[in-house]
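Trainee: Next one to model:
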Amino acid sequence: MLACPNCGANLRFDPESQRLKCDFCGGDFDPEELKEGRGADEQVVTETAPVPVTESEEQTEGEEESFSTYVFTCPQCGGELLSYDDTLATFCSFCGASTVLESRMSNEKRPKFIIPFRLTREESEAAYKKMVSRALFAPAKMKAEATVEHFRGIYMPYWIYGFDCNKHLNITGTKTHRSGDYLITKYYDLTSDMLAEYEGISYDASSSFADSLSEAIAPFDSKEAVPFQSNYLSGFYADSSDVSEEIYRKQAEDMVRSDLAGEIRKAPGYHRYSIDSSQVLTAALPDRTTSERGMFPVWFLSTRMGDRVSYAVVNGQTGKVAADLPVSFTKYLIGSILLALPLFFLFQTEYTIRPTTILTMSMGVALISMLISNSQLNRIFAREHRLDDKGYNSTRSPEEVMKMREELKGLVKVKSAVEKSSTGVTLYLVFTCIFLFLLPAIGILMLISWTSVLKDEGKSKKVIKPGKTVIKAPMKEKMKSLWKPLAAIGAAVLIFIANPVSDMYYYAGALVSMALVGWSFWDVVQEHNLLSTRPLPQFGRRGGDENEH
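Mentor: Below is the predicted model:
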């Protein structure tokens with residue numbers, strides 16, 4: 001623990017003032033000037049005149065490769081949190097369990113940089129409340145004050161990459177024009193000097209911090225990073241680093257090359273010419289790469305939702321928020337009905353809809369439902385098996401990763417055709433079918449408008465992102481849900497092919513199709529909730545069964 005030099009009570013780092021404060025005696029200290037890790041029995045200073053650290057002592061501290069800390073281990077999931085404070089931890093930030101965490105002393109590898117917390121707990125809670133207040137269909141538990149109070153400040157480990165590119169460019173550019181029946185291409189040698197530096201490209205270095213969450217609150221401004229001092233940890237927790245720097249190096253390099261290639265194409269003297277992409281990417285290869293370990297501030301909230309857990313994170317520097325937000329089906333159904341009813345009466349008074357139109361509409365809604373469900377099932381498969389998390393997979397054996405990737409199959413492409421038909425109309429059945437169409441249709445539109453599984457807000461600097469590979473779930477698993485909208489489309493198609501004389505067949509087909517769509521729509525909401533919650537973690541590397549995660 002970091003003790004107050006005046007009274008011996010625990011000190012805590014205050015993000016608002018960027019100072020170490022003692023809640024007992026009111027002491028106020030500069031974290032850079034107060035000697036790292038010293039208590040009242042080792043150092044006595046006044047509040048206004050802390051003992052300065054000598055140059056020789058600073059050099060000794062810089063040469064240390066580790067620092068002492070308490071390690072709190074969750075007995076349920078095996079997750080570990082580091083703390084500079086020996087105050088008893090009463091809940092786990094990873095699995096959300098309310099339990100007394102076991103503690104021990106440990107020496108952890110010392111990072112080079114740390115970005116101190118800028119946001120206070122109150123500010124992070126306010127940012128989260130503002131975001132979740134707009135989530136009309138979020139469960140009440142996500143908005144409850146008792147839930148929000150469990151925000152915990154955690155320093156997450158990151159790898160910070162830097163790239164330098166200082167070289168002479170020699171690129172072949174072309175210009176092509178038509179002359180009569182000929183295309184004439186002229187070749188030009190384009191030369192210039194290029195000097196570029198990229199700093200602060202960061203990726204989380206903890207396998208317990210999902211990539212989807214860490215990317216959602218990016219970026220951090222590494223210009224505010226300071227040399228690591230364990231004093232900044234006082235009053236907060238930290239996660240340990242277990243991901244190698246090599247895991248994200250190639251991804252960071254590809255991001256830099258892609259951005260640099262774009263800048264070359266836009267540069268004066270280059271933008272007027274056609275340039276082969278391979279030339280530009282080769283020219284954009286960095287000359288030097290650096291990587292340093294750092295700790296970045298994150299406000300972290302875990303909420304137990306049955307046998308799963310939902311996470312919310314707030315960038316402790318910028319205030320950017322990201323959260324897993326499941327949907328309350330009751331709220332969602334009520335909202336759909338309330339929106340559908342006015343449109344139902346509007347159609348009833350203003351329009352007369354033919355039965356063929358109703359059947360066609362049911363097919364369209366079924367197709368939309370199928371496309372949404374197919375996309376979500378692919379993401380669920382990747383999320384549940386952690387195939388979209390490079391950091392986590394780096395801690396697993398190559399055999400495990402290869403086995404999971406061999407299970408991936410292709411996507412299903414479904415096409416549907418609508419044949420024209422005309423017949424009479426029965427008002428009661430028409431408007432009943434219209435209402436049955438409006439309810440799932442509006443529901444689907446509301447789902448589309450519901451911002452993706454991870455919600456975020458806050459202005460940030462430009463983030464360079466490479467293209468992402470879509471992981472496809474096995475069709476055998478997806479067909480457990482996709483058969484419903486497919487059957488709805490099939491029922492409508494059969495009616496059109498049969499082309500019956502009586503309108504009753506069209507109404508009956510629309511009713512069957514809408515019933516199947518409603519069923520599939522329930523699946524869509526359930527799939528969304530699977531995406532917005534995660535299995536209870538079990539950290540095999542820390543005492544649990546990681547393969548169950």
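
Trainee: Can you tell me the SS state at Phe300?
Mentor: strand (DSSP: H, G, I helix; E, B strand; the rest coil).

Trainee: Quick check: it vs Glu199, distance?
Mentor: Separation of Phe300 from Glu199 (CB to CB, to the nearest Å) stands at 26 Å. All C-beta atoms are positioned from the backbone trio N, CA, C, and that covers glycine.

Trainee: So these two - more neighbours on which side?
Mentor: Phe300 (23 against 12; other CB atoms under 10 Å).

Trainee: Tell me how far the more buried one lies from Phe91.
Mentor: 11 Å.

Trainee: Please apply the same query to Tyr232.
Mentor: Taking CB to CB, one finds Tyr232 at 23 Å from Phe91.

Trainee: and if you look at Val148?
Mentor: 14 Å.

Trainee: One more: Asp259?
Mentor: Asp259 is 41 Å from Phe91, by CB to CB.

Trainee: do the same with Leu516
Mentor: From Leu516 to Phe91 the distance is 44 Å (CB to CB).

Trainee: ok, these two, which is more surrounded?
Mentor: Using other CB under 10 Å, the more surrounded residue of Leu516 and Phe91 is Leu516, with 24 against 15.

Trainee: so who does Ala323 touch?
Mentor: 128, 131-132, 142, 301, 310-313, 454-455 (CB atoms under 8 Å, 6 or more residues apart in numbering).

Trainee: again, but for Thr69
Mentor: Thr69 sits in contact with 82-84, 105-108, 230, 233, 238, where contact means CB under 8 Å, 6+ apart.

Trainee: Tell me where the stretch 101-250 of the chain has strands.
Mentor: 102-109, 113-114, 152-179, 182-204, 226-227, 237-238 (DSSP state E, counting those that start in this stretch).

Trainee: The third one - what's its average pLDDT?
Mentor: Confidence for strand 152-179, expressed as mean pLDDT, is 90.

Trainee: If you count neighbours, what's buried in that strand?
Mentor: 152-165, 169, 171, 173 (16 or more other CB atoms under 10 Å).

Trainee: returning to that earlier point: now the strands of the stretch 101-250 of the chain in a markdown table, with distance to Thr290?
Mentor: Converted to a markdown table, those look like this (distance: least, CB to CB, whole Å):
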| stretch | distance to Thr290 |
| --- | --- |
| strand 102-109 | 18 |
| strand 113-114 | 12 |
| strand 152-179 | 4 |
| strand 182-204 | 9 |
| strand 226-227 | 16 |
| strand 237-238 | 23 |
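
Trainee: Mind checking these for the one nearest to Phe296?
Mentor: With respect to Phe296, and counting by CB to CB, the nearest of the strands of the stretch 101-250 of the chain is strand 152-179 at 5.0 Å.

Trainee: Tell me how far the residue of the chain positioned farthest from its centre lies from Ser240.
Mentor: In the chain, counting by CA atoms, centre = their mean, Gly180 sits farthest out from the average C-alpha position, at 54.9 Å. Going from Gly180 to Ser240 by CB to CB gives 71 Å.

Trainee: and if you look at Pro116?
Mentor: Taking CB to CB, one finds Pro116 at 19 Å from Ser240.

Trainee: residues contacting Ser328?
Mentor: 137-140.

Trainee: Just give me the closest of the residues you listed to Asp14.
Mentor: Of the contacts of Ser328, the one sitting nearest to Asp14 (CB to CB) turns out to be Ala138, at 31.4 Å.

Trainee: Can you get me a residue count around the closest one?
Mentor: Using other CB under 10 Å as the criterion, Ala138 is surrounded by 22 other residues.
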